[in-house]
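Visitor: Pasted the sequence and its predicted model underneath.
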Amino acid sequence: MTKLGEMLKETTAFLKEKGVGEVDFGLILGSGLGELADEVEDAIAIPFSEVPHFAVSTVVGHAGKLVYGTLSGKKVLAMQGRFHYYEGHSMQKVTYPVRVMAAMGAHSIVVTNAAGGVNENFTPGNLMLITDHINFTGDNPLIGENDEAMGPRFPDMSHAYTPAYFEIAKKVAKEQNVPLQEGVYMGYSGPTYETPAEIRMSRAMGADAVGMSTVSEVIVAAHSGLKVLGISCITNLAAGMQSSLNHAEVVETTERVKSQFKELIKTTLAE
Ligand code: HPA
C-alpha cells in the first residue's frame, strides 16, 4: 500500500471508532459559513487537532472541526473550517480531508467559500454557483507520484463541477428567491488580496470571482471521482472595484447572508 493509502487507513479507522458511519456527502464550509454544521442532527464532532494526519487550521472564523451526522436526510461529514495553502500547508495536506471523505464512501462533496466578485454584475451578498474554475495557485495537489488506487495520472477536469447539481441548485434558489449568480472561480494562493491589475487580468481571463481556496479540493475530488457542488458567497467586490478590502468585511457579509446560504444548501442536499 502507498503512504497515502496507509494514512487513509489510519484516519478512517479513527473516525469509525468515533462513530462515523456511512457518508453520502462531504461538506467543506468556508469563512463564516461553518454554522451549517451546527444544524447536523445526531452530531458527532471531532476537532481537526484530534484527527490523525490532519493539519491544524489557524484562520479566524474557522472553527476547525469535523461534524458527522444527518442533514436534510443525508449522511454528511462536514468540515467546519478548512486548511489553506497560505497557512503553509502543502497542497496534499490542504486536500487530505477530501481524500478522507472519498475513503469514507462519499459520492459527492459540497464546497463553499467566501470570494471576491470580479464580474461587474455581482453585488456583495450574492451567492454564486461555481460552474468551473481556474487554478491560478501555481501548484497542484496531484504533483508527485500518482496513486493509481486513488485515481488516474491525468484526470479529466471537463466536468469537475457536476452539471446535474447546477440544475438542482438553480431550481432551489429560484424557489427560495435567492439571487444565485453563476460563474468561474479563480483560485489564488493568497494570503494577500489581489491587486487591481490582477483583478483586471482575472476578468480578462474569464473569472467571475476570486478566492484563496477550493480549486485544490476540487482537483482532488475530480481525481477521486466525486461529484461536486460549489457555492461562493460574494463577500466583497474585488480589488480596484471598491476602495479597499479587509477580512472584517468578508466576515460581515457572510453573517448577513448565512441564513440564505444555509437554506440553499440544505434544500439542495435534500433534492
Ligand atoms: N479575494 C480573494 N479572496 C477573497 C476575497 C477577495 O476579494 N474576498 C473573500 N475572499
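Guide: That came through, no problem. Owing to the predicted nature of the structure, the values given are computational and were not obtained by experimental measurement.

Visitor: give the contact list for the residue of the chain found nearest the ligand.
Guide: Nearest to the ligand, among the residues of the chain, is residue 116, at 2.1 Å (CB to the nearest ligand atom). For the C-beta atoms, the positions are set from N, CA and C on the backbone; glycine is no exception. Going by CB atoms under 8 Å, 6 or more residues apart in numbering, residue 116 touches 193-194, 199, 209-211, 234-239, 245.

Visitor: That one belongs to a strand, doesn't it?
Guide: Yes - according to DSSP: H, G, I helix; E, B strand; the rest coil, residue 116 belongs to a strand.

Visitor: Could I get the contacting residues of residue 169?
Guide: Residues near residue 169 by CB under 8 Å, 6+ apart: 129, 180, 229, 231, 264, 268.

Visitor: follow-up on the earlier one: with adjacent residues omitted, what lies nearest to the residue of the chain closest to the ligand?
Guide: Once flanking residues are discounted, residue 116 sits nearest to residue 238: 3.7 Å by CB to CB, 6 or more residues apart in numbering.

Visitor: Would you check that my belief about that neighbour contacting residue 194 is correct?
Guide: Yes - if you go by CB atoms under 8 Å, residue 238 and residue 194 touch, sitting 6.2 Å apart.

Visitor: Show me which of those two is the more surrounded one.
Guide: residue 238 (28 against 23; other CB atoms under 10 Å).

Visitor: pLDDT at the more buried one, what is it?
Guide: Per-residue confidence for residue 238 comes out at a pLDDT of 95.

Visitor: what's the answer for residue 177, then?
Guide: Each residue has a pLDDT score; the one for residue 177 is 93.

Visitor: just to revisit the earlier point, so how far is residue 252 from the residue of the chain closest to the ligand?
Guide: Distance, residue 116 to residue 252, by CB to CB, to the nearest Å: 14 Å.

Visitor: The contacts of residue 116: which ones sit near the ligand?
Guide: When contact is defined as CB under 6 Å from any ligand atom, those meet the ligand at 193-194, 210-211, 235-236, 238, 245.

Visitor: what sits against the spatially most central residue of the chain?
Guide: Nearest to the geometric centre of the chain sits residue 111, at 2.9 Å (CA atoms, centre = their mean). Residues near residue 111 by CB under 8 Å, 6+ apart: 28, 30, 130, 214, 217-218, 221, 228-231.

Visitor: Overlap of the contact sets of residue 238 and residue 194?
Guide: 116, 202, 210.

Visitor: quick one on the thing from earlier: spatially, which two of the contacts of residue 111 are the most separated?
Guide: Largest separation among the contacts of residue 111 by CB to CB: 30 and 221, giving 15.1 Å.

Visitor: Helices of this protein, start to end?
Guide: Assigned by DSSP state H, the helices in the chain fall at 3-17, 91-103, 163-175, 196-205, 215-224, 247-270.

Visitor: Save those helices as TSV, and put in distance to residue 56 too.
Guide: Shown next, in TSV, are the helices of the chain (distance: least, CB to CB, whole Å):
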stretch	distance to residue 56
helix 3-17	15
helix 91-103	10
helix 163-175	31
helix 196-205	29
helix 215-224	17
helix 247-270	19
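
Visitor: among the ones you listed, which is nearest residue 73?
Guide: Smallest distance to residue 73 across the helices of the chain (CB to CB): 6.1 Å, for helix 247-270.

Visitor: in the closest one, what counts as buried?
Guide: 247, 250-251, 253-254, 257-258, 260-269 (16 or more other CB atoms under 10 Å).

Visitor: How about exporting it as PDB, limited to the C-alpha atoms?
Guide: Output in PDB follows, covering the C-alpha atoms of helix 247-270 (Å, rounded to 0.1, in the frame of the first residue of the first chain):
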ATOM      1  CA  HIS A 247     -11.300  40.500   6.300                       C
ATOM      2  CA  ALA A 248     -13.800  42.200   8.600                       C
ATOM      3  CA  GLU A 249     -16.000  43.000   5.600                       C
ATOM      4  CA  VAL A 250     -15.700  39.400   4.400                       C
ATOM      5  CA  VAL A 251     -17.000  38.200   7.800                       C
ATOM      6  CA  GLU A 252     -19.800  40.800   8.000                       C
ATOM      7  CA  THR A 253     -21.100  39.800   4.600                       C
ATOM      8  CA  THR A 254     -21.200  36.100   5.400                       C
ATOM      9  CA  GLU A 255     -23.000  37.000   8.600                       C
ATOM     10  CA  ARG A 256     -25.600  38.800   6.600                       C
ATOM     11  CA  VAL A 257     -26.400  36.100   4.100                       C
ATOM     12  CA  LYS A 258     -25.700  33.000   6.100                       C
ATOM     13  CA  SER A 259     -29.300  32.100   6.600                       C
ATOM     14  CA  GLN A 260     -30.000  32.200   2.800                       C
ATOM     15  CA  PHE A 261     -26.800  30.200   2.300                       C
ATOM     16  CA  LYS A 262     -27.800  27.600   4.800                       C
ATOM     17  CA  GLU A 263     -31.400  27.200   3.300                       C
ATOM     18  CA  LEU A 264     -30.000  26.900  -0.200                       C
ATOM     19  CA  ILE A 265     -27.500  24.200   0.700                       C
ATOM     20  CA  LYS A 266     -30.000  22.300   2.900                       C
ATOM     21  CA  THR A 267     -32.800  22.100   0.300                       C
ATOM     22  CA  THR A 268     -30.300  21.300  -2.500                       C
ATOM     23  CA  LEU A 269     -29.000  18.500  -0.400                       C
ATOM     24  CA  ALA A 270     -32.500  17.200   0.200                       C
END
